[in-house]
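1. Turn this into a model:
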Amino acid sequence: QVQLVESGGGLIQPGGSLRLSCASSEHLYSAYAMAWFRQPPGKEREFVALVSWMNGITNYADSVKGRFTISKDTAKNTVYLQMNNLNPEDTAVYYCAVKTQGGSDFNQGRYGYWGQGTQVTVSS
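-> Below is the predicted model:
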């Protein structure tokens, strides 16, 4: 059973940066990709970014393009999310997930494993 552990969340001022990490307990040989989702307060969980596990191709939500960068370290079974120029609308619980089925990156049903989440709060 794959376990995902996120880290790196916290309280940050607007305009600041954070780097989230997500480590998998198992090698992800058969995974399509790893991704980050987030759930803002009072809202549904939404797609943030994805990186293909095999070829490194990335995909981003429009709201984070140009500010967030997803990357992976295959040898460490770890995915990262570098978040720059944060604003209060980025406040959310951030979850990493493993995409285990083909299809839309935005479809949460395509993801077979989820982390517990890490809180990111952007506030002055």
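
2. Could you pull up the residues touching the residue nearest in space to the middle of the chain?
-> Centroid check for the chain by C-alpha atoms, centre = their mean gives Trp36 as the closest residue, at 1.9 Å. Contacts for Trp36 (C-beta atoms under 8 Å, 6 or more residues apart in numbering) come out as 20, 22, 48-50, 70, 79, 81, 94-97. Any C-beta I mention is one placed from the backbone N, CA and C, and that applies to glycine too.

3. any idea how far Gly16 is from Ile57?
-> 28 Å (C-beta to C-beta, to the nearest Å).

4. Neighbour count: these two, which is higher?
-> Shown here are Ile57 and Gly16; by other C-beta atoms under 10 Å, Gly16 has more neighbours (15 against 10).

5. mind listing what the more buried one touches?
-> 86, 122.

6. Would you tell me what helix or strand it is located in?
-> Gly16 belongs to no helix or strand when assigned by DSSP states H and E.

7. so how far is Asn85 from the closest residue to Ala97 other than its chain neighbours?
-> Closest residue to Ala97 apart from its sequence neighbours, by C-beta to C-beta, 6 or more residues apart in numbering: Tyr111 at 4.0 Å. Separation of Tyr111 from Asn85 (C-beta to C-beta): 27 Å.

8. and the two? which has more neighbours close in?
-> Taking neighbours as other C-beta under 10 Å, Tyr111 and Asn85 compare with Tyr111 leading, 23 against 13.

9. pLDDT below threshold where in this structure?
-> For the chain, no stretch is flagged by pLDDT under 70.

10. Which stretches in this protein count as strands?
-> Taking DSSP state E, the strands of the chain run over residues 4-7, 10-12, 18-24, 33-39, 46-52, 58-60, 68-73, 78-83, 92-99, 111-114, 118-122.

11. strands paired with the third one, and their directions?
-> The sheet places strand 18-24 alongside strand 4-7 (antiparallel), strand 78-83 (antiparallel), with pairing taken from DSSP bridges.

12. who's Cys22 bridged to?
-> Glu6, Val79.

13. thought it was touching Val5?
-> Yes. Here Cys22 lies in contact with Val5, judged by C-beta atoms under 8 Å, at a distance of 7.0 Å.
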